[in-house]
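**Q** What follows is a predicted structure for the sequence shown.
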Amino acid sequence: MAERSDAPRLAPGTRVHVLTVSDGVANGTREDRSGAVIRARIAELGGTVTDAVVPDEVARIGAAIRAAAADHAIVLTTGGTGLTPRDVTPQATRSVIEIEVPGVAEAMRAAGRASTPLADLSRAVAGVVDRALVVNLPGSPNGALESLGAIEAILAHAVETLAGPHDHDVARGGAAVPYDRPKEDAR
Amino acid sequence: MAERSDAPRLAPGTRVHVLTVSDGVANGTREDRSGAVIRARIAELGGTVTDAVVPDEVARIGAAIRAAAADHAIVLTTGGTGLTPRDVTPQATRSVIEIEVPGVAEAMRAAGRASTPLADLSRAVAGVVDRALVVNLPGSPNGALESLGAIEAILAHAVETLAGPHDHDVARGGAAVPYDRPKEDAR
Amino acid sequence: MAERSDAPRLAPGTRVHVLTVSDGVANGTREDRSGAVIRARIAELGGTVTDAVVPDEVARIGAAIRAAAADHAIVLTTGGTGLTPRDVTPQATRSVIEIEVPGVAEAMRAAGRASTPLADLSRAVAGVVDRALVVNLPGSPNGALESLGAIEAILAHAVETLAGPHDHDVARGGAAVPYDRPKEDAR
C-alpha cells in the first residue's frame, strides 16, 4: 500500500462524491463499509464529501454518476467491478464517460497485484464526465482503500487540469472563461 | 516466472479447453507445441483438459470459443495475438466476450515484460463468455507458459465466482438456482 | 528510465515520422521542444526522420497519421494525450488504427509511473495503420523521451514483423509478395 502520509492534499473544498453501488446496501440488508472507509480517507485528504447509494443497475448507476459529476470534481464509485452478472458498474461508467483514462485503472490493478493477484479481476474503469474525474473502486473495504491509495497522488493534479481554464478557453475569450459551476465548495 | 509450485490447484474436474489458433497446425504443416505445453500445465494444476485446433480466421475462432464456453469453465487460446494481418485471435475473442476483464491481459503483459519487452506486442484479450473465463495466450510455448503462469493464481477464484450461485440467483429463487450445465466434470 | 545504450538500433533507413500535435506550435506561438528531442533520439537509434505539425483537431491529426503511415514504418505523435477538452490525439489515433496494441501504451505508463504518478493521466494509444506502428507520446519533452525509452526495445522487432512477408503472403503467392511501398529508405 502507498505511503499514505505522502499523498498530496486536495485543494480545500474540493467536492468528492462517493457512490456505493450495491443491491444489499440499497435495500438495507448490508452495511456500507467500503463507502465509509472511502469517505473517511477523502476527508483526511481535505476533500468535502457527499455520498449516495444505488442498486446494481446500469441505468441507475449511470444516472447517479452523471448527476454527481455536475457539481463534484471527483466521483468515486465502490462495488460492482467483479465478474458476476450483477457486477455492472464498469459498463455503466463506460456508458457515461466522455473520455476514458486507462492509466488510472491500470495503476490501481498494478498496485493491487502486489498484494493479491485477485486485483486483476477488477474491471474498474476511469474517465471524465462533465469535467469530473470518475473512478471505479472495488467493493471490499481493503480493495477500495488500496485502489484509492494507488491514485491519490494524481487526484489533485487531475482536478486542477479538468477545472481549467484551458488554453483554448483563454484563446477564445481573451481571458479565462468563467465556469458557471465551480467545483470547489464556496463555503 | 511465477513460482509454479505455489499456484492454487483447480477444483477437481474443472473443465478447461485449449484452443490452438494456427493455420499451420490446422493444415498439418506445423506441430502444436504451445497447445501441448498448456495442456500439460493445466493437467498439473488439476484441470480436465480438452482441445481443438482452428485456422487463423475470425469466424472460426469465435465459433470455437463460444462452443467451448458452453461446457467448460476456462477456455485458453494460443496463437494469433501478434501484429500480422493473419493474427486475429484478439478480434475474434472480443467479438464473442460478454464482458472484458482487462486486468488479466495487463497482468500477463506485465509479467512478460520482465522477461522480454516483446511481451508488450501481444494483443491478448480476456473476458467472459457464458460464465466461462476466456483468455488469449501467445503462440510461442515459452510465451504461453509464462502468460499462463502470471494468471494461474486467479483461475480457481474466477471459476468459482463465475459458477455462482450469485446473490441475485439466491434473491430470486429463495435458494441457489441450479445450473443446468455444471462446468465441473461429473465423471 | 531504460538504459538507453542498450536499445536495439533500427535497421538502417527505417523511416520514422514525428508528428507534433499542438495548437501553439502550429500557430507559431510555441517552440516544438518535444518534437525536437524525439527526432534527435530516433536519429541516434539509426532511423531516418521526417516531421510535421498539426493543431489539436481530430480530423487533422487522423489525416496526418494516415498520410504518414503510407510511407513510414513508425509514426510517433507528441502532445494532446492529457485530460483537457483540447487533448484529442488518442481519439484521433483510435479513429484511424486498424488494430490496437494495448501493451505498448501500458508499458509506457508503467515506466512513467516509476518516475511520476502523473504518467497515469496520459491517455496514449498505440496501434497499426497500413503496416506502420503508430504510438502516441506525451507532449512534454521529458515525458516523451521517457515513454519512447520504454518502447525502444520493441521498435525494430515491430517494424520487421509489420513489414512481412507474412506466412499468408508466402502461402498465397508461392513466394513472398513484394511490397510496392518498402518502408525503408532506399537511399
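**A** Yep, that arrived. In this text, all values refer to a predicted model and were calculated from it rather than measured experimentally.
**Q** count of residues packed around A:Glu146?
**A** Using other Cβ atoms under 10 Å in any protein chain shown, A:Glu146 has 21 neighbouring residues. Bear in mind the C-beta positions are built from the backbone N, C-alpha and C, glycine included.
**Q** A:Gly82 belongs to a strand?
**A** No: applying DSSP: H, G, I helix; E, B strand; the rest coil, one finds A:Gly82 to be coil, outside a strand.
**Q** who's in contact with A:Glu130?
**A** Just to correct that, residue A:130 is Asp rather than Glu. Contact partners of A:Asp130, counting by Cβ atoms under 8 Å, 6 or more residues apart in numbering or on different chains, are A:Arg66, A:Ala69, A:Ala70, A:Glu98.
**Q** What pLDDT does the model give it?
**A** Reading off the confidence values, A:Asp130 has pLDDT 97.
**Q** can you tell me which helix in chain A is longest?
**A** The longest helix of chain A (DSSP state H) is helix A:141-163.
**Q** Same question for that one: list its buried residues.
**A** Within helix A:141-163, the residues scored as buried using 16 or more other Cβ atoms under 10 Å in any protein chain shown are A:141, A:143-156, A:158-159, A:161-163.
**Q** now stretch A:78-98
**A** A:78-90, A:92-93, A:96-97.
**Q** Out of those, which sit inside strands?
**A** Per DSSP state E, strands hold the following members of the buried residues of stretch A:78-98: A:Thr78.
**Q** and the buried residues of stretch A:78-98 near chain B, which?
**A** Residues of the buried residues of stretch A:78-98 in contact with chain B (Cβ under 8 Å from any Cβ of the partner chain): A:Gly82, A:Leu83, A:Thr84, A:Pro85, A:Arg86, A:Pro90.
**Q** Kindly reformat these as TSV containing pLDDT.
**A** Formatted as TSV, these follow (pLDDT from 0 to 100):
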residue	pLDDT
A:Gly82	97
A:Leu83	97
A:Thr84	96
A:Pro85	95
A:Arg86	96
A:Pro90	98
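**Q** Redo those as a markdown table? Include distance to chain C.
**A** Conversion of those to a markdown table gives the following (distance: Cβ to the nearest Cβ, whole Å):
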| residue | distance to chain C |
| --- | --- |
| A:Gly82 | 22 |
| A:Leu83 | 20 |
| A:Thr84 | 25 |
| A:Pro85 | 26 |
| A:Arg86 | 27 |
| A:Pro90 | 16 |
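**Q** List the backbone torsions phi and psi for A:Leu121.
**A** phi -90, psi 0 (degrees, to the nearest 10).
**Q** Surely it touches B:Pro102?
**A** No: between A:Leu121 and B:Pro102 there is no contact under Cβ atoms under 8 Å: 10.3 Å.
**Q** more crowded one of those two?
**A** Under the neighbour definition other Cβ under 10 Å, A:Leu121 and B:Pro102 were set side by side, and A:Leu121 has more, 25 against 22.
**Q** list the contacts for the more buried one?
**A** By Cβ under 8 Å, 6+ apart, the contact set of A:Leu121 is A:Gly82, A:Leu83, B:Val101, B:Gly103, B:Val104, B:Ile154, B:His157, B:Ala158, B:Thr161.
**Q** Dump the residues you listed into a markdown table; add distance to C:Met108 as well.
**A** Output for the contacts of A:Leu121, formatted as a markdown table (distance: Cβ to Cβ, whole Å):
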| residue | distance to C:Met108 |
| --- | --- |
| A:Gly82 | 28 |
| A:Leu83 | 28 |
| B:Val101 | 22 |
| B:Gly103 | 18 |
| B:Val104 | 20 |
| B:Ile154 | 25 |
| B:His157 | 30 |
| B:Ala158 | 28 |
| B:Thr161 | 32 |
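**Q** which of those residues lies closest to chain C?
**A** Taking Cβ to the nearest Cβ as the measure, B:Gly103 is the one of the contacts of A:Leu121 closest to chain C, at 11.0 Å.
**Q** What number of neighbouring residues does that closest one come out with?
**A** Neighbours of B:Gly103 using other Cβ under 10 Å come to 28.
**Q** got it, and A:Ser115?
**A** With other Cβ under 10 Å as criterion, A:Ser115 counts 12.
**Q** Spit out the contact partners of the nearest residue to it once chain neighbours are set aside.
**A** For A:Ser115, ignoring the flanking residues on the chain, the nearest one in space by Cβ to Cβ, 6 or more residues apart in numbering or on different chains is A:Glu146 at 6.2 Å. Shown in contact with A:Glu146 (Cβ under 8 Å, 6+ apart): A:Met1, A:Met108, A:Ala111, A:Gly112, A:Ser115, A:Ala119.
**Q** Leaving out the residues flanking it, which one is nearest to A:Pro47?
**A** Let me fix one detail, which is that residue A:47 is Gly and not Pro. A:Val16 (4.1 Å).
**Q** Assess the claim that that neighbour and A:Leu10 are in contact.
**A** Yes: using Cβ under 8 Å, A:Val16 makes contact with A:Leu10 at a distance of 7.4 Å.
**Q** Which pLDDT value belongs to A:Gly174?
**A** Confidence score, pLDDT, at A:Gly174: 38.
**Q** Kindly report the same for A:Pro165.
**A** At A:Pro165, the model reports a pLDDT of 84.
**Q** neighbours around it, how many?
**A** By other Cβ under 10 Å, neighbour count at A:Pro165 equals 15.
**Q** quick one: secondary structure of it?
**A** coil.
**Q** Relative to B:Thr48, how far out is it?
**A** 61 Å (Cβ to Cβ, to the nearest Å).
**Q** contacting residues around A:Ile42?
**A** For A:Ile42, counting by Cβ under 8 Å, 6+ apart, the contacting residues are A:Leu10, A:Val16, A:Val18, A:Val49, A:Leu76.
**Q** Name the residues of the helix or strand hosting it that come out as buried.
**A** Using DSSP states H and E, A:Ile42 maps to helix A:33-44. Using 16+ other Cβ under 10 Å as the test for burial, helix A:33-44 gives A:Arg33, A:Ser34, A:Gly35, A:Ala36, A:Val37, A:Ile38, A:Arg39, A:Arg41, A:Ile42.
**Q** what's the spacing between the last one and chain C?
**A** Distance, A:Ile42 to chain C, using Cβ to the nearest Cβ, to the nearest Å: 17 Å.
**Q** what stretches of chain A score poorly on pLDDT?
**A** Across chain A, the ranges flagged by pLDDT under 70 are A:1-6, A:167-187.
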